[in-house]
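Enquirer: Sequence plus the predicted model coming up.
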Amino acid sequence: MGLVPESARAVCSRLDSFSCEPNLLADLILGPGERQQWMSMHAVQKRRHEWLLGRCAAKDAVRRLLEKHLNLQLSPREIEIVPDSYGCPRVQYAGIEPGAQPALSIAHSQGVAVALAALVPGLMVGIDLESLSRRRENYEAIAFHPDERSLLDALPWDLREEWALRMWCAKEAAGKALGRGLSAGLLAFHIVRLNTAGGSIELQLRGSALEQFPWFQDRMLTINTARESNFVFSAIIYQQGAVRMRPSRQEILDYLLHKMSELTADWDYPDPVSPESRLFGELGFESLDAVVLCTAIQEHYQTPMPFAELLAEIGQQQRDLSIAELTDFVDTHLGPPAGADHATRRIQ
Ligand SMILES: CC(C)(COP(=O)(O)OP(=O)(O)OC[C@H]1O[C@@H](n2cnc3c(N)ncnc32)[C@H](O)[C@@H]1OP(=O)(O)O)[C@@H](O)C(=O)NCCC(=O)NCCS
């Protein structure tokens, strides 16, 4: 699906159908506690089947994750998925070290189930999917704040429906990653930016969600989204104090251009700010403006970067710095690109 960077210690699994008759499958894959849950589940068949399909996808993701990163071979039955008091799925297996459980998220819709499991301690993961073919009347007025609806209004009409659903999926994935779902309210997950080229969505917590998780004040959650045939998917892998989804160079450039337009909103430039714009000679930056910009970049990516050295070097060489060069600098200091097994970065 391209939702999860290869560098993350995470595995995503998708199932579109049962491999055998559901009751037989339940006997084969469920642990004792799960079997009890399956037997006592008084729900419509659609719900029971999606629950079971979700368990299959989740066990598959956890099994492959443990095999790949811990060389641990477990059968689906040995991996139990137990909901916590909020409904968030937690992984259990014999011999698991306290605090070392993989993080897990599950979603199912229209006969398809997906699961995302990740191994780094303290990591939060969330996944969601929705079908574009399911008919929905006018959910935007309730699901989105007017500012969020204006992000949609700015899109070409043929992208609107899909991106509304991506935005919805992003909210659900974020709610799941935090372990409380959308219980804080739909508007407590406030989308601030859409990157239609790369598929990512940036979101901030507000209201009750921020009261539950105050350390997310001024933090951005980046959710990756993708479309595959008639489904849209979203996924987030987040560790407090770290950004797991490494942005591409284009995403960094988009962010810098956006940040520049924010910082210089009332500076009255004759030309639009472009990648070639130079901070000092052209845009009229003073040293303190550059420090403010560098601090904002560091905060945004939750990664310390040697900006002091960069600014000193520019001063010594009496040269200017373009936004494109700044993009390259950030790109270099965010660490290796997807594909290399890089560790989680933390701000000191
Ligand atoms: C969690 C929630 C986002 C799920 O959304 P959904 O569209 O109903 O269902 P999805 O297929 O996307 O996801 C279902 C899975 O989410 C997971 N889930 C449920 N509660 C969760 C929580 N608090 N944190 C993380 N994951 C959770 C479960 O694994 C569930 O699958 P399972 O019951 O088969 O194990 C939603 O039910 C929710 O927000 N619940 C909180 C209660 C609430 O206030 N709901 C009203 C909001 S409109």
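Expert: Structure received.
Enquirer: what does the stretch 101-250 of the chain put close to the ligand?
Expert: Contact residues, the stretch 101-250 of the chain versus the ligand (C-beta under 6 Å from any ligand atom): 105-109, 128, 172, 175-176, 179-183. (Each C-beta comes from the backbone N, C-alpha and C, glycine too.)
Enquirer: Not counting sequence-adjacent ones, nearest residue to residue 249?
Expert: Distance criterion C-beta to C-beta, 6 or more residues apart in numbering; nearest residue to residue 249, sequence neighbours excluded, is residue 331 at 4.8 Å.
Enquirer: which of the residues in the helix or strand that contains residue 175 are buried?
Expert: When elements are assigned from DSSP states H and E, residue 175 belongs to helix 157-178. Residues of helix 157-178 classed as buried under the neighbour-count rule (16 or more other C-beta atoms under 10 Å) are 163-178.
Enquirer: cool, stretch 265-283 as well?
Expert: So stretch 265-283, judged by 16+ other C-beta under 10 Å, has buried residues 273, 277, 279, 282-283.
Enquirer: what's near enough to touch the residue in the stretch 1-150 of the chain positioned nearest to the ligand?
Expert: Taking C-beta to the nearest ligand atom, the ligand has its nearest neighbour within the stretch 1-150 of the chain at residue 87, 2.8 Å off. Residues near residue 87 by C-beta atoms under 8 Å, 6 or more residues apart in numbering: residue 181.
Enquirer: can you confirm it is in a strand?
Expert: No - Residue 87: not assigned to a strand; according to DSSP: H, G, I helix; E, B strand; the rest coil it is coil.
Enquirer: and it, what are its phi and psi?
Expert: phi 100, psi 0 (degrees, to the nearest 10).
Enquirer: now residue 191
Expert: Taking degrees, to the nearest 10 as the convention, residue 191 sits at phi -80, psi 130.
Enquirer: coming back round to it: and the residue nearest to residue 249, what helix or strand is that in?
Expert: With DSSP H and E as the test, residue 331 turns up in helix 323-333.
Enquirer: what about the residue of the stretch 151-300 of the chain found nearest the ligand, which helix or strand?
Expert: The ligand sits closest to residue 181 of the stretch 151-300 of the chain, with a gap of 2.6 Å, by C-beta to the nearest ligand atom. Applying DSSP H and E as the criterion places residue 181 outside every helix and strand.
Enquirer: what does residue 25 give?
Expert: Going by DSSP H and E, residue 25 is part of helix 22-29.
Enquirer: What residues sit buried inside the helix or strand harbouring residue 62?
Expert: If you go by DSSP H and E, residue 62 is part of helix 45-70. Buried residues in helix 45-70, counted by 16+ other C-beta under 10 Å: 49-63, 65-66, 69.
Enquirer: contacts with the ligand among those residues, please.
Expert: Answer for the buried residues of helix 45-70 near the ligand (C-beta under 6 Å from any ligand atom): 51, 54.
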